[in-house]
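Peer 1: structure for the following, please:
(one chain, ligands or ions: 1)
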Amino acid sequence: MIMFNESKQESNTPFNVRRLSRYFVGEVTGVDLSQPLDPSCVAALSNALAEHEVLVFPDQNLSREDLMRFGRYFGELTVHPFAENDEQVPELIVFDNQEGNPPVLTDHWHSDETYRECPPLGTMLYSKVVPEIGGDTCFSSMTAAYDLLSDRMQQFLSGLEAVHDFATFKYLFPNTDEGRRQLRSCEERFPPMNHPVVRVHPVTGKKALFVNPHYTRFIKDMEDRESRALLDTLFRATSVLEYQYRHHWKPNTVVFWDNRSVQHAAVHDYYPQRRFMERVTIKGDRPFSTEPAAKAEELRKFKVAQYDHNDERRSVRQFERDTETAQAS
Ligand SMILES: [Fe+2]
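Peer 2: All right, here's what the predicted structure looks like:
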């Protein structure tokens, strides 16, 4: 176990990890990512990622081929369906934000691409040019957020599923025949997807909250007002300061985050200064829970019409309640 605020040589590993925050984040030194890595080093880094959730590699001088090779050690690289991918190498996303090209849509708390059936295992971001002021990336540990919920709340969340979709990207499709055709094609490729509200990490077995305000729409089978209230509460977990780490970028740094256990948000405070980053994304597994899915009848009283102040069926609903009560007694 790595103690925080302490530099330590991991046993049988050729690198050092220094914990940067109370609950997560390790700074890794002693490894040159521009060189091929042997399998034991990759395995140790994979374990370090699972344990620390975010790994920071300072002072790396990488070509795009080096970054992609490093990414492929951990799995297949995926192509983001809605980002401006490099023309020659679609697995590489280039963020070259500067005057005339402001950053978009990354300043919200989220896990990457959770509208997919198998959201990414992790994402690597490599800094090439950073603004003199601003442009930080914030992270929040969803493992810490889950661990520090009350036992009662953890029990309540057990077995709940949430529906995720890519609606936040729909603005990218113009209202033309071609735009609508492309949107329909994406909707077929990425239909609304159920994921457990609490997922289990496949390496550590730890539980983490897995809902985010960017892609999570509602709790499956739950009445809308309950679903909204619950999601609002869970979304606010990212704002607890103790669960956060804010990364201030220097050039030539790789940050590799575990998309299974953290959320992140980019701070858009640097425009029109230049911020030039490269990103690769590693394919993940389907999120799973150790608990059976909650039954629909536990979450919604189907005999009762949905609550609405102007609903003319309220009297009918009261009649159904009275009938149920009479039958039960
Ligand atoms: Fe992201």
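Peer 1: wait, a strand at residue 146?
Peer 2: No. The assignment for residue 146 is helix, going by DSSP: H, G, I helix; E, B strand; the rest coil, so no strand is present there.
Peer 1: mind listing what it touches?
Peer 2: Counting by Cβ atoms under 8 Å, 6 or more residues apart in numbering, residue 146 makes contact with 154, 198, 207, 208, 209. For glycine as for every other residue, the C-beta is placed from the backbone atoms N, C-alpha and C.
Peer 1: quick one: buried ones out of those?
Peer 2: With burial judged by 16 or more other Cβ atoms under 10 Å, the buried subset of these is 198, 207, 208, 209.
Peer 1: out of those residues, which sit inside strands?
Peer 2: Counting by DSSP state E, the part of the buried ones among the contacts of residue 146 found in strands is 198, 207, 208, 209.
Peer 1: now residue 154: how far from residue 185?
Peer 2: 40 Å (Cβ to Cβ, to the nearest Å).
Peer 1: among the ones in strands among the buried ones among the contacts of residue 146, which pair sits farthest apart?
Peer 2: The most widely separated members of these, counting by Cβ to Cβ, are 207 and 209 (8.2 Å).
Peer 1: report the set of residues contacting both of those two.
Peer 2: Applying Cβ under 8 Å, 6+ apart, one finds that residue 207 and residue 209 are jointly contacted by 146, 198.
Peer 1: who's in contact with the residue most central in space within the chain?
Peer 2: Nearest to the geometric centre of the chain sits residue 111, at 1.2 Å (Cα atoms, centre = their mean). Taking Cβ under 8 Å, 6+ apart, we find residue 111 in contact with 119, 142, 210, 212, 215, 259, 260, 262, 263, 264.
Peer 1: got a list of what the third one touches?
Peer 2: Which is residue 210. By Cβ under 8 Å, 6+ apart, the contact list for residue 210 reads 111, 114, 142, 162, 195, 196, 197, 198, 199, 260, 287.
Peer 1: now it. Nearest residue, chain neighbours left out?
Peer 2: The shortest distance from residue 210 to any non-neighbouring residue, by Cβ to Cβ, 6 or more residues apart in numbering, is to residue 199 (4.2 Å).
Peer 1: okay, and the beta partners of that neighbour?
Peer 2: Per DSSP bridges, residues listed as beta-bridge partners of residue 199: residue 208.
Peer 1: for the chain, which segments are assigned as helices?
Peer 2: 39-52, 64-72, 142-147, 151-157, 177-189, 224-235, 296-299, 314-328 (DSSP state H).
Peer 1: in CSV: the buried ones among the contacts of residue 146, plus pLDDT.
Peer 2: As requested, those are exported to CSV (pLDDT from 0 to 100):
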residue, pLDDT
198, 98
207, 98
208, 98
209, 98
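Peer 1: and which of those is nearest to residue 33?
Peer 2: residue 208 (26.4 Å).
Peer 1: what residues are up against that closest one?
Peer 2: Neighbours of residue 208 in contact, by Cβ under 8 Å, 6+ apart: 141, 142, 143, 145, 146, 198, 199, 201, 260, 261.
Peer 1: quick one: the first one from residue 233, how far?
Peer 2: As defined by Cβ to Cβ, residue 141 lies at a distance of 17 Å from residue 233.
Peer 1: next one: residue 53
Peer 2: Distance of residue 53 to residue 233, given as Cβ to Cβ: 22 Å.
Peer 1: those two: who's more crowded?
Peer 2: More neighbours surround residue 53 than the other of residue 53 and residue 233, with 31 against 11 (other Cβ atoms under 10 Å).
Peer 1: excluding chain neighbours, give the residue nearest to that one in space.
Peer 2: residue 24 (4.0 Å).
Peer 1: wait, the one you found touches residue 56, no?
Peer 2: No. Distance between residue 24 and residue 56: 11.1 Å, which falls outside the contact criterion (Cβ atoms under 8 Å).
Peer 1: tell me the one among the contacts of residue 208 nearest to residue 94.
Peer 2: Set against residue 94, the nearest of these by Cβ to Cβ is residue 260 (25.0 Å).
Peer 1: give me the number of residues near the residue nearest to the closest one when sequence neighbours are not counted?
Peer 2: Counting by Cβ to Cβ, 6+ apart, residue 260 lies nearest to residue 201, which is 5.5 Å off, once chain neighbours are set aside. Residues near residue 201, counting by other Cβ under 10 Å, number 19.
Peer 1: residue contacts, residue 201?
Peer 2: Residue 201 is in contact with 50, 143, 207, 208, 258, 260, 261, counting by Cβ under 8 Å, 6+ apart.
Peer 1: cool, residue 92 as well?
Peer 2: So residue 92 contacts 64, 67, 68, 85, 86, 278, 279, 280 (Cβ under 8 Å, 6+ apart).
Peer 1: name the member of those with the most neighbours.
Peer 2: Greatest neighbour count in those, by other Cβ under 10 Å, goes to residue 280: 27 neighbours.
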